[in-house]
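Q: quick one: sequence plus predicted model below, questions after.
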Amino acid sequence: MNLFEQMAEATIKGDKEQCAALARVALDEGVDPVQAIQEGYTKGMHVVGDRFAVLECFLAEVMLSANAVSAAMEVLRPSLLERPGHGSQGTIILGTIQGDVHEIGKNIVKIMLQADGFTVHDLGYDVPVRRFVEQAEELGADIIGASSLLTTTMTYQPDLINLLGELGLRDKYRVMIGGAPVTAEWAAEIGADGYGENATKAVEVARSLMQEKRGGEVS
Amino acid sequence: MLPYKMWEIVERANSGPFCEDDEFTYEIFMPKMQEVIKKYDIVYDSDMPVPADDDLADRVWQAAVEFFLEVGVLNVDTHRRILVDASELQEALYHTPGRYIVGAGKDARLWKSRVPEADAPPFCIFSPDITCDEEIFLPMSIAYIQEPLADGVCAPILEESMGLKIKSGAPTEMAGVVEHAMGLRQAVRLAGKPGMFLVAVGTAQSDTGQVAVSNDEWGVRYTDGRLIGALTELKIDNKLLNKVVHCMQFGCFIGCLSGSIYGGYAGRAEGTAILETAYHLAGLTIYQANFQQSFPFHLHFTSNSGREMLWLVSVTQQAVSRNSDILSTSNGFLNAGSGTEMVLWEAAAHGLASTVSGGHLWEAAVAHNKYRNYATPLEARLACEVGHAAAQQGMSREQANDITLKMLEKYEDRIADAPKGKPFQECYDVRVSRPMSWYLDMFNKVKDEIATMGVAFPY
């Protein structure tokens, strides 16, 4: 097993110590930290994500794997900070929209995005529409993700998109939405840029949006 | 719990042990759940979607009691854990009446606790559990209300009021909830059941919305019920407690709404069954609930008719009904949509598993509970007819398990790709609120086949 395969294996097993140890090995051997993340840890998380999508593994295991990746990231962080964009896949603001207190889905998406290398700022739940925009501006986000579990709160999702337009910021951010009552048709209807049917798809959508934002360049 | 405890719960919501959200979930809830699953040896058996194992049911109860007493419920506004002790729980269980007269006048119903394999039929609440177009709210509500087996009804939820999209906490919600409540009151009168037990108002998500519809003349009456939910998992906030206090003082029946997520923080079937049982205890003590509205669901499919889900529904209902007089409605969440044979098989399986396990019925959300207008009373009718039949013929859990396995063969390999079906307007003649003949034929076809499996329908 090469180093990247070992990293993926340790991630799948949720072995925090091993993930961190392999990250140190990578640095010692002069391996590009971004490549270590993408070829090693992220690939492992993709396997975990795929298994979670069919509930061959459960949330506790996903979190163990995500924590293991975080441990590796901590080791790699000083090297990542030296790189433009800090090696991050992108910066995402996440939150459950105004009036809605359901957040487990959003929390799972957060775990998967972080493990995929995104910088995620979680605003929590019942997040006023305006706050999404303010925080996106303050934190330099690339993507705004708004989740809703109720039909009476998903009606705030178009408000977010409209507010971005009113403020002349629509083209600055990509907006992705998700949640139980949300569908691809709803996302298209309100002009969202992406729709995450589940956590695994949300990561794919986020990657795709970042690729589009960067003009086709993959970081 | 007894009324005087309400003040204690409100006080504990402000003074209980301090705890942050993530600490509660990841450092208290999840480890304790793993501990009790192992300690009480709770193991899912895929061959037994309806287990006939009293000891298992009792161990699930014991696990839930230990889990609930130690973990409590977190108020996310005050960051305080609301805890009750063993003697308080015992007191609350002792004082649980186990019977209520709900609704009013000739339409009033006696709702009594059951036990597994009880020959008393389940109390049946018919509900689409979904939103509907404003213009079909009345005919759709009437369709549910006029069902003969409906002891109570929960109407569809409005997405629009006077053509404006309803937003939670906004003026459109305040207008929409009154429209819903008044419309429902009109519907029961038109259908000849003016005193029917109504659980309302689903359009009112906010606490202010719920308060707005409390009106014995045109709105939700004190003879009706309200649902007050929980935050995932075992969390509450002050807005939910506002609803509790209001409903206590207004005098309507409180239903604690709990939907443990299979695949979420509680993990697999074992943990989710323990959690859902624990929610009944939270409902009794912290929500001051008169009944529990139980809808555990699959994280990905938003359903509970799959094999492992039927097991956890059955085990939860057995645990609760064997060890308490808590009234619990088992809410079916089905994968397929209306107008399909699959949804009818799913409804039948859920109704059967729940009834023989000692539960009451709340049927049924369909099509993953995702699409406006997608639900009809026929799915609920079949679930409840199966439930009534199973009870009256004295069906055992073993017999029910055999039949459930046969029902599962009809649909379980299509859960991931279930047919969406059709909306209410294509399954029912909206002008007269009656099913189309093709759907009635489909219903009877499936019902006849269920009868050959051993379910003795009385008609």
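A: Yes, it's here. Just so you know, these numbers come straight off a predicted model, no measurement behind them.
Q: going forward, measure contacts and count neighbours with C-alpha atoms only.
A: Noted.
Q: residues of chain A that sit close to chain B?
A: A:53-55, A:58-60, A:99-104, A:151-153, A:155-156, A:180-182, A:198 (C-alpha under 8 Å from any C-alpha of the partner chain).
Q: restricted to strands, list these.
A: Nothing among the residues of chain A next to chain B maps onto strands, per DSSP state E.
Q: please indicate which of those residues are buried?
A: A:53, A:55, A:58-60, A:99-104, A:151-153, A:155-156, A:180-182, A:198 (16 or more other C-alpha atoms under 10 Å in any protein chain shown).
Q: which members of those residues occur in helices, if any?
A: Within these, residues falling in helices by DSSP state H are A:53, A:59-60, A:104, A:151-153.
Q: just curious, which of those residues is nearest to chain B?
A: Nearest to chain B among those, counting by C-alpha to the nearest C-alpha, is residue A:152 at 4.7 Å.
Q: quick check: the closest one vs residue B:172, distance?
A: 10 Å (C-alpha to C-alpha, to the nearest Å).
Q: what do these two both touch?
A: Here residue A:152 and residue B:172 share the contacting residues B:165-166, scored by C-alpha atoms under 8 Å, 6 or more residues apart in numbering or on different chains.
Q: picking that back up, of the ones in helices among the buried ones among the residues of chain A next to chain B, which pair is most distant in space?
A: A:60 and A:152 (30.6 Å; C-alpha to C-alpha).
Q: tell me which stretches of chain A form strands.
A: A:91-96, A:119-122, A:143-147, A:174-178, A:194-196.
Q: no, scratch that, I was asking about the stretch 301-450 of chain B
A: Taking DSSP state E, counting those that start in this stretch, the strands of the stretch 301-450 of chain B run over residues B:327-333, B:360-365, B:428-429, B:434-435.
Q: closest to residue B:22 out of these?
A: From those, taking C-alpha to C-alpha, the stretch that ends up closest is strand B:327-333, at 28.8 Å.
Q: paired strands for that closest one, with orientation please.
A: strand B:291-294 (parallel), strand B:360-365 (parallel) (DSSP bridges).
Q: show me the contact partners of the shortest one.
A: Under the contact criterion C-alpha under 8 Å, 6+ apart, strand B:291-294 has outside partners B:227, B:253-259, B:276, B:280, B:283-284, B:326-331, B:362.
Q: now those: which count as buried?
A: B:227, B:253-259, B:276, B:280, B:283-284, B:326-331, B:362.
Q: look up the closest residue to the closest residue to chain A within the stretch 51-200 of chain B, ignoring the ones flanking it.
A: The minimum distance from the stretch 51-200 of chain B to chain A, using C-alpha to the nearest C-alpha, falls at residue B:167 (4.7 Å). Spatial nearest neighbour of residue B:167, excluding adjacent residues (C-alpha to C-alpha, 6 or more residues apart in numbering or on different chains): residue A:152 at 4.7 Å.
Q: was I right to think the one you found contacts residue B:171?
A: No. Using C-alpha atoms under 8 Å, residue A:152 makes no contact with residue B:171, being 11.9 Å away.
Q: circling back: residue B:164 versus the residue nearest to residue B:167, what's the distance?
A: Taking C-alpha to C-alpha, one finds residue A:152 at 11 Å from residue B:164.
Q: of all the strands paired with strand B:327-333, which one is nearest residue A:12?
A: Of the strands paired with strand B:327-333, nearest to residue A:12 by C-alpha to C-alpha is strand B:291-294, at 34.2 Å.
Q: pLDDT of that closest one, averaged?
A: Averaging pLDDT along strand B:291-294 gives 98.
Q: how about that strand as CSV, C-alpha atoms only?
A: C-alpha atoms of strand B:291-294 as CSV (Å, rounded to 0.1, in the frame of the first residue of the first chain):
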residue,chain,number,x,y,z
PHE,B,291,-50.1,11.4,24.0
GLN,B,292,-47.0,10.7,21.9
GLN,B,293,-47.0,11.1,18.2
SER,B,294,-44.2,8.8,17.2
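Q: next structured bit after it?
A: Going down the chain from strand B:291-294, the next helix or strand is strand B:297-298, by DSSP states H and E.
Q: measure residue B:132 to residue B:303 for me?
A: Taking C-alpha to C-alpha, one finds residue B:132 at 20 Å from residue B:303.
Q: which of these two has more neighbours?
A: residue B:303 (28 against 23; other C-alpha atoms under 10 Å in any protein chain shown).
Q: wait, the more buried one touches residue B:331, no?
A: No. Look at residue B:303 against residue B:331 with C-alpha under 8 Å: they stay out of range, at 9.9 Å.
Q: what about chain B, any weak spots by pLDDT?
A: Scanning chain B for pLDDT under 70 picks out B:1-4.
Q: middle-most residue in chain A, spatially?
A: Nearest to the geometric centre of chain A sits residue A:113, at 2.3 Å (C-alpha atoms, centre = their mean).
Q: how many residues are close by the spatially closest residue to that one that is not a sequence neighbour?
A: What sits nearest to residue A:113 in space, not counting adjacent residues and going by C-alpha to C-alpha, 6+ apart, is residue A:203, at 5.8 Å. Residue A:203 has 22 neighbours, counted by other C-alpha under 10 Å.
Q: can you pull the contacts of residue B:108?
A: B:101-102, B:195-197.
Q: list phi and psi for it.
A: phi -70, psi 150 (degrees, to the nearest 10).
Q: same check, this time on residue A:103
A: Torsion angles, degrees, to the nearest 10, at residue A:103: phi -140, psi 0.
Q: was I right to think it contacts residue A:126?
A: No. Using C-alpha under 8 Å, residue A:103 is not in contact with residue A:126; the gap is 9.4 Å.
Q: which neighbours do these two share?
A: Common neighbours of residue A:103 and residue A:126 (C-alpha under 8 Å, 6+ apart) are residue A:96.
Q: show me the contacts for residue 136.
A: Just going to use chain A. A:93, A:142, A:144.
Q: I was thinking of chain B, sorry if that wasn't clear
A: residue B:430 are the contacts of residue B:136 under C-alpha under 8 Å, 6+ apart.
Q: correct me if wrong: residue B:457 contacts residue B:389.
A: Yes. Using C-alpha under 8 Å, residue B:457 makes contact with residue B:389 at a distance of 5.0 Å.
Q: when those two are compared, which one has more neighbours?
A: residue B:389 (22 against 17).
Q: for stretch B:226-237, which positions count as buried?
A: Of the residues in stretch B:226-237, those buried (16+ other C-alpha under 10 Å) are B:226-237.
Q: which two in these are spaced the farthest apart?
A: B:226 and B:233 (20.3 Å).
Q: let me see the domain layout of chain A.
A: Domain assignment for chain A by automatic domain parsing gives A:3-86, A:88-213.
Q: now for residue B:383, how many residues are close by?
A: Around residue B:383 there are 30 residues (other C-alpha under 10 Å).
Q: what residues does the stretch 251-400 of chain B put near chain A?
A: So the stretch 251-400 of chain B meets chain A at B:263-265, B:267-268, B:300, B:369-371 (C-alpha under 8 Å from any C-alpha).
Q: could you check how far residue B:104 is from residue B:291?
A: 18 Å.
Q: the more surrounded of those two?
A: residue B:291 (28 against 17).
Q: can you pull the contacts of residue B:207?
A: B:239-240, B:242-243.
Q: who wins for neighbours among those?
A: Going by other C-alpha under 10 Å, residue B:243 tops these with 23 neighbours.
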